[in-house]
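1. need the 3D shape of this:
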Amino acid sequence: MLTLSGAGFLVLGGLVLFTVIMGLLARQNGITYQKGGRTYVGFVGISAIAMMDLLASVFYGPGEAFRYVGYDAMFFLILTSVLIALYAFSMTEIAEILEGLGQKGGGVYTVTYLVFGQTLSMIAVASILVDYINMAALSSISAVENFSAVVPIREPLKIPLELVIVWALAIINLIGIRASVWTTFGVFMFLGYALVAAAMLGLGGLNADVMGRMVEGIWTPVQTLRSMELAPMLGYLVIGVGSTILAYSGIETVLQTQKAVENWKVIRKAYLFLVGLNGLLIPAVGILAIAHVPNPGAHVEGLITYYALEIGGQAMGVIMVLAAALALAFAMNTAFVGGTELLTAIAERYGLAFLLRTNRVGAHYVIILFLALTFTVLILITQGSATLVSDMFAVGLLASFVLNLLALVVYRFTEGYTVMKSYRTSVVKNVFLILAFAAALVYVAMNKVHGTMLWVGAAVFMIALGFIAARFLANPDVRYETQFNTMDEVLAYVERLPGEALNVRFARPREQFKEESDTVYITLALLRLRPPGRRSEGHFVLPYSSMWGVVKEMEAVIGKLRQAHPEKRLIVHFGWPLSSWWERLSMGLMVHRLVMMPKRFPDLEYHIDYVPRAPKRRSKKADGRRGEGRDRLHKP
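-> All right, here's what the predicted structure looks like:
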């Protein structure tokens, strides 16, 4: 066992190492930087914003995990950390796709809207909104509970204090004060110092009892899994992941802030940073807290603060209370800011003008007051119970994970990797994560009824709101409708074409083709995005409404052409597939429908063609430079 001086040296070494690492990262345009007359947030700045959610979850996640799975929470904190790391890589791929489609920001709402349309996107909105509401309420409750671990607070005063925190932050947002990136980074550094010091003190204070509990919490679940058959093992894993997922809430915040960064590569760096830091810090602090506190079940709502008192005395307890208060307050502020941006985007898309009203400082006061009211109602309904609120929290969080991954997989299955191919993750890995998070969602939904009721109620309300707004105010699905061509325009053009044969070429948006006088060129584009431009008189851009609907729309076009011109010999052309076999396998369902088209239209002629790109012309100046280079090379 280390002496006091040894423990102090360990803490000092950890703090110095943390400072050096953060200093080196911050120097490389890590926090903010200027480029092209605009200020961008760097990957460390974005990570600091996300850390307000993630580090806030440290103060309630491990305790809630222990409530449900006991000392096994140690093992599942590590396992869930691995799953979250894999999920972070998928979120990076989504960031690249959204940027390539010209839709930076919006996160799960934007990607589900583009892929699935209105209904599922409103379920995604409900999931994120429930996530924000629960995060704010749980942050307020946990702040009071952590403070009461050092300074006792009478029970009747707790709920009023929790509501004071909510409305104080609402007022801050109403008067237009928002934490800057540098302020957030400063708070993040303080939280980092506090948690690193706590982890080092915990390591320095290891003894036989603590080590025994750590072995029990990490090694015993491994032995249990080895002795189980497949079905019970999967059930055990689902329960463990579903019980510890709250410790990692906030990982989706990086994608929500995409508008503030220069490009998706900054998002990639931010996620790599978060995976490295949180993959070590959150499990380490959670495991050490559960192992050091003699009876963790009695201190679930203030476990980390009790841990700080246990290893560092009153002084460390006070530091941890201050860290908890800052982290939880900034997490609630993120709920206000993120919720405001989310509802503002929906209001703009659906024409909900009353939600867009601002005060003299430009704050959306209607949305801010609505959010503060929902936070208040949830605290009052649950009577400030962290257990009930955390139950509600997990459902929306897991639902947003599943919807994000579903959208990514469906997009890649239908669109492939021709566009936005710089960063890609394994389809198999993404399907595995969908199954893992969906199973955890089912478990949580079945065992945490209050959370399921809140999520379902919010989803029904948002779907109804979207339907009513699209019907009577503004329908976002038809925003670009007038910029597309119509089938009537195609038929009118075909009417003027001579000859008995009609060639129809389905061209991808960036596909090269040589225009022929007896050919009509059709490009299909998603209705919810701005269409690509026409390249010639015989080129038409038609919309399709679902990612699964490309082949169906092709069949509809062919059917209408046959019906309008039964006298013509129809010849259908497709571009030559240049993607890899693995990519074609991942798009198997769509490709299968395409190659089976002759069974539906057996009297047509089909071709798969490859048109070479026109060679780039070299300038005489460039040729001259090449000749000079050859002369120099052969000069004796």
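2. residues of the helix or strand where Y132 lies that come out buried?
-> If you go by DSSP states H and E, Y132 is part of helix 118-148. Residues 118, 120-148 are the ones in helix 118-148 that count as buried (16 or more other Cβ atoms under 10 Å). No exception for glycine: its C-beta is placed from N, CA and C like everyone else's.
3. next helix or strand past the helix or strand encompassing V238?
-> Using DSSP H and E, V238 falls within helix 230-244. Following helix 230-244 in sequence order, the next helix or strand is helix 253-256 (DSSP H and E).
4. mind listing residues that contact that following helix?
-> The contact list for helix 253-256 (Cβ atoms under 8 Å, 6 or more residues apart in numbering) reads 46-47, 49-50, 52-54, 88, 91, 94-95, 105-108, 267, 270-271, 274, 334, 338, 341-342.
5. now do stretch 53-68: distance to the chain's middle.
-> 20 Å (Cα atoms, centre = their mean, to the nearest Å).
6. for stretch 355-374, same thing?
-> 25 Å.
7. using CSV, write out every CA atom in it.
-> What follows is stretch 355-374, C-alpha atoms only, in CSV (Å, rounded to 0.1, in the frame of the first residue of the first chain):
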residue,chain,number,x,y,z
LEU,A,355,-42.0,28.9,-31.8
LEU,A,356,-39.5,31.2,-33.6
ARG,A,357,-40.4,34.3,-31.7
THR,A,358,-37.3,35.9,-30.1
ASN,A,359,-36.8,38.6,-27.4
ARG,A,360,-34.6,41.7,-27.7
VAL,A,361,-31.4,39.6,-27.3
GLY,A,362,-32.4,37.1,-29.9
ALA,A,363,-33.3,34.2,-27.5
HIS,A,364,-36.2,32.0,-28.6
TYR,A,365,-38.1,32.6,-25.4
VAL,A,366,-41.1,30.5,-26.2
ILE,A,367,-39.0,27.4,-26.7
ILE,A,368,-36.8,28.1,-23.6
LEU,A,369,-39.9,28.6,-21.4
PHE,A,370,-41.4,25.4,-22.8
LEU,A,371,-38.3,23.4,-22.0
ALA,A,372,-38.0,24.9,-18.5
LEU,A,373,-41.6,24.0,-17.9
THR,A,374,-41.2,20.4,-19.1
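8. C-terminal to the helix holding Y132, what's the next element?
-> Counting by DSSP H and E, the element after helix 118-148 in chain order, helix or strand, is helix 155-174.
9. which stretches of the stretch 401-550 of the chain have low pLDDT?
-> Within the stretch 401-550 of the chain, the stretches with pLDDT under 70 are 414-420, 510-512, 546-549.
10. same question but for the chain, I mixed them up
-> 1-7, 105, 149, 176-180, 414-420, 510-512, 546-549, 577-593, 611-636.
11. tell me what angle the longest helix anywhere in it forms with helix 155-174.
-> Secondary structure of the chain per DSSP state H: the longest helix is helix 303-350. Interaxial angle, helix 303-350 versus helix 155-174 (axes from the mean of the first three to the mean of the last three Cα atoms, to 10 degrees): 40 degrees.
12. what angle do helix 303-350 and helix 118-148 make?
-> 150 degrees.
13. can you give the distance from helix 303-350 to the centre of its chain?
-> Centre-to-centre, helix 303-350 and its host chain are 20 Å apart (Cα atoms, centre = their mean).
14. C-terminal to that helix, which secondary structure element comes first?
-> helix 365-382.
15. pull out the buried residues from the helix or strand following that following helix.
-> Next helix or strand after helix 365-382 toward the C-terminus (DSSP H and E): helix 386-415. By neighbour count on 16+ other Cβ under 10 Å, the buried set for helix 386-415 is 386, 388-415.
16. of the contacts of helix 253-256, grab the buried ones for PyMOL.
-> To isolate the buried subset of those in PyMOL, counting by 16+ other Cβ under 10 Å, use the following:
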select buried, resi 46+47+49+50+52+53+54+88+91+94+95+105+106+107+108+267+270+271+274+334+338+341+342
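17. okay, and which of the contacts of helix 253-256 map to strands?
-> Using DSSP state E, no member of those falls within strands.
18. distance of the residue nearest the centre of the chain relative to N404?
-> Geometric centre of the chain, nearest residue: E252, 4.0 Å, by Cα atoms, centre = their mean. Distance of E252 to N404, given as Cβ to Cβ, to the nearest Å: 7 Å.
19. what does A289 give?
-> A289 is 30 Å from N404, by Cβ to Cβ.
20. do G106 as well
-> For G106, the distance to N404 (Cβ to Cβ) stands at 12 Å.
21. again, but for N503
-> N503 is 41 Å from N404, by Cβ to Cβ.
22. same check, this time on L230
-> Counting by Cβ to Cβ, the gap from L230 to N404 is 28 Å.
23. before we move on, back to that, packing partners of the helix holding Y132?
-> helix 43-58, helix 107-116, helix 155-174, helix 303-350, helix 365-382, helix 386-415, helix 449-472 (3 or more Cβ pairs under 8 Å, 6 or more residues apart in numbering; DSSP states H and E).
24. quick one, that helix and helix 107-116 angle?
-> Using the same axes, to 10 degrees: helix 118-148 against helix 107-116 is 170 degrees.
25. what's near enough to touch Y443?
-> Per Cβ under 8 Å, 6+ apart, neighbours of Y443: V238, I239, G242.
26. cutoff 6 Å now
-> Listed by Cβ atoms under 6 Å, 6 or more residues apart in numbering, the contact partners of Y443 are V238, G242.
27. what about it, helix or strand, and which?
-> Following DSSP H and E, one finds Y443 within helix 427-447.
28. buried residues in that helix?
-> Buried, per 16+ other Cβ under 10 Å, within helix 427-447: 427, 430, 433-434, 436-441, 443-445.
29. how far away is the closest residue to F59 other than its chain neighbours from T334?
-> Closest residue to F59 apart from its sequence neighbours, by Cβ to Cβ, 6 or more residues apart in numbering: A324 at 4.7 Å. Computed as Cβ to Cβ, the A324 to T334 distance reads 15 Å.
30. what of V275?
-> 20 Å.
31. give me phi/psi at Y521?
-> Main-chain dihedrals, Y521, degrees, to the nearest 10: phi -110, psi 130.
32. need phi/psi at the closest residue in space to it that isn't next to it in sequence.
-> Using Cβ to Cβ, 6+ apart and skipping the chain neighbours, the partner closest in space to Y521 is H539 (4.3 Å). Torsion angles at H539 (phi, psi; degrees, to the nearest 10) stand at phi -110, psi 130.
33. H539 and G575, how far apart?
-> Taken as Cβ to Cβ, the span from H539 to G575 is 14 Å.
34. those two - which one has more neighbours?
-> Between H539 and G575, counted using other Cβ atoms under 10 Å, the more crowded position is H539 (20 against 16).
35. what are the structural domain limits within this structure?
-> The chain breaks down by automatic domain parsing into domains covering 4-476, 481-609.
36. most tightly packed of those domains?
-> The highest average neighbour count among the domains of the chain, using mean count of other Cβ atoms under 10 Å, belongs to domain 4-476 at a mean of 20.
37. gap between that domain and the chain center?
-> With Cα atoms, centre = their mean as the basis, domain 4-476 stands 11 Å off its chain's centre.
38. need the three-state assignment for I571.
-> strand (DSSP: H, G, I helix; E, B strand; the rest coil).
39. quick check: it touching N503?
-> Yes: using Cβ atoms under 6 Å, I571 is in contact with N503, at 4.8 Å.
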